[in-house]
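Novice: make a model of this:
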Amino acid sequence: MGTYIHFTEEQKQRANGIDLVEFLRRQGETLLPSGREKRLKSNHSITVRGNEWFDHATKEGGLAIDFVQTVYGLSFPEAVTMLLGGEQGITYVGTTEKVERKRPFELPSKNNDMRRVFAYLIKHRLIDQEVVSFFAKEKLIYESKEQSADRTKEYHNAIFVGYDENGIPRHAHKRGIYTEGKSFKGNIDSSNPGYSFHYIGTSDRLYVFEAPIDLMSFITLHKNADWKKHSYVALCGLSEQAIIKTLENHTHLNRVALCLDHDPAGIEASEKIVDQLGGREIDCTIMQPKYKDWNEDLKSVYNRLPIAAEEHPQHVLKKQIYSELLNIANEYSEKSITFEKCKAALQKSLTEVEHQAEAMKVVSALFLCLCKSEGYKRGITMTLNELIEEISDRFKAYQNRGRLDPKYEEIKSMFDDMEALKGSGKETSELLEVYKKISLELIKTVIKKEMAQQKQEQNLNMKMA
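Specialist: Here you go, the predicted structure:
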């Protein structure tokens, strides 16, 4: 077993809060402007902003620790140490230290009427008039009247308000209502993400969306006499804080439907929230729109061209790989698969260089075959199809980020667990579970390797273009 380096939660939070722009400049990296973000000159597909990063080629991203692991090829302890300045204790400036003094939360000034907002939501976004009127009467939506910094222009926006349990405004999401060009959208400074735009009904159902317009579009699409009985919350982003706060404040809610966008970010957020709610007595399901979001679905009803959904690239690869895995497993299913054979194949695959992905697919299939045969000896009947479906359902894209090195370490750790269980002579389901976990981790590693290969090919094509 390797040496384990412990970091406190406070250390990890500080490392993840490092401003990546400042950090990269201190590393001698050249950064290029890209809207409100910075793009790496050395890798144009990666953009950074504050302590966040995103790779537009692989559709991956995260916070500072993930970034250093991915870009510099470091282990988790090495990445944290680098971000915190090493042994000398020199720390880079965190995003929380760079921002200006936090302004108190304040709602934008109101316009005398809401005609522009009504026109935008009903005519342009196609939301049902009764739905818009209802939220306006509840004082959850209004039209702002704001002046530019030099006080020469007047702006009108849709404001979606979130109240706390005492009826005090704590959050506001601003949405531009001009139909020409790209309109502004964002949360008002110092908004509390736990109290984003929401409505609480009397039933036990809570529907969760990314944006207020998605929420109202969904109601428009599924509107019936009972729609006001249910509860709805728009995260105004992808943070789960509003869901947690809503469930804490309204204990009658025990069924949650995650209706986030049908794109990689929405898919990852849904997977993560399902896991976060797993320890609670909550029935949590995922409802995906057919197109990118619920307003795009609404547009399609009116024969307007919708923006297509975007599948997560890791899930697309997963389907292809598990189809291959079933074929490989079927080839070995009638052969004698022993623990020693799987052990030797696993050790070899971890050191394979030229064809490692293919070797890992074979080993993953071998462990499933071993799981099937040893389960049968204990009276547990499982088909290869059922085993593959089970580990496929366990796959979560949000858990499969970062560099490959930690994946190898995780597999080696599971290998040690397997050795210990086998050596103890325990004939329990624990060993079968380890076989499944090893099979899943191998496939996750294969997906990472194939994603990296795709990224290399894309970068090569960009250079040649």
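Novice: look at Leu206 and give its secondary structure.
Specialist: Of the three states, Leu206 takes strand under DSSP: H, G, I helix; E, B strand; the rest coil.
Novice: quick check: it touching Ile244?
Specialist: No: contact criterion CB atoms under 8 Å: Leu206 and Ile244 do not qualify, at 11.4 Å. The C-beta positions use only the backbone N, C-alpha and C, and glycine is treated the same way.
Novice: ok, those two, which is more surrounded?
Specialist: Under the criterion of other CB atoms under 10 Å, the comparison of Leu206 against Ile244 puts Leu206 first, with 25 against 16.
Novice: so for that one, what's the pLDDT?
Specialist: Per-residue pLDDT puts Leu206 at 98.
Novice: quick one: residues contacting it.
Specialist: His230, Ser231, Tyr232, Val233, Ile243, Thr246, Leu247, His250, Leu253, Arg255, Val256, Ala257 (CB atoms under 8 Å, 6 or more residues apart in numbering).
Novice: now, these that are in strands?
Specialist: Among the contacts of Leu206, DSSP state E puts Ser231, Tyr232, Val233, Arg255, Val256, Ala257 in strands.
Novice: let me know the closest of the residues you listed to Gln347.
Specialist: Ranked by distance to Gln347 (CB to CB), the ones in strands among the contacts of Leu206 are led by Val256 at 43.2 Å.
Novice: quick check: that closest one touching Leu277?
Specialist: Yes: here Val256 lies in contact with Leu277, judged by CB under 8 Å, at a distance of 6.5 Å.
Novice: between the two, what contacts are shared?
Specialist: In contact with both Val256 and Leu277: Ile243, Cys284, using CB under 8 Å, 6+ apart.
Novice: those two - which one has more neighbours?
Specialist: Neighbour comparison, Val256 and Leu277: the larger count goes to Val256, with 25 against 18 (by other CB under 10 Å).
Novice: thought His171 was touching Asp189, still the case?
Specialist: No: the pair Asp189 / His171 is not scored as a contact, 11.0 Å apart, by CB under 8 Å.
Novice: which one of the ones in strands among the contacts of Leu206 is nearest to Phe339?
Specialist: Nearest to Phe339 among the ones in strands among the contacts of Leu206, with distances taken as CB to CB, is Val256, at 41.7 Å.
Novice: for the closest one, list the residues it contacts.
Specialist: Listed by CB under 8 Å, 6+ apart, the contact partners of Val256 are Arg205, Leu206, Val208, Ile243, Leu247, Leu277, Ile282, Asp283, Cys284, Thr285.
Novice: weed out the non-buried ones from these.
Specialist: Buried by 16 or more other CB atoms under 10 Å: Arg205, Leu206, Val208, Ile243, Leu247, Leu277, Ile282, Cys284, out of the contacts of Val256.
Novice: next up, the contacts around the first one.
Specialist: Think Arg205. So Arg205 contacts His230, Ser231, Leu253, Arg255, Val256, Ala257 (CB under 8 Å, 6+ apart).
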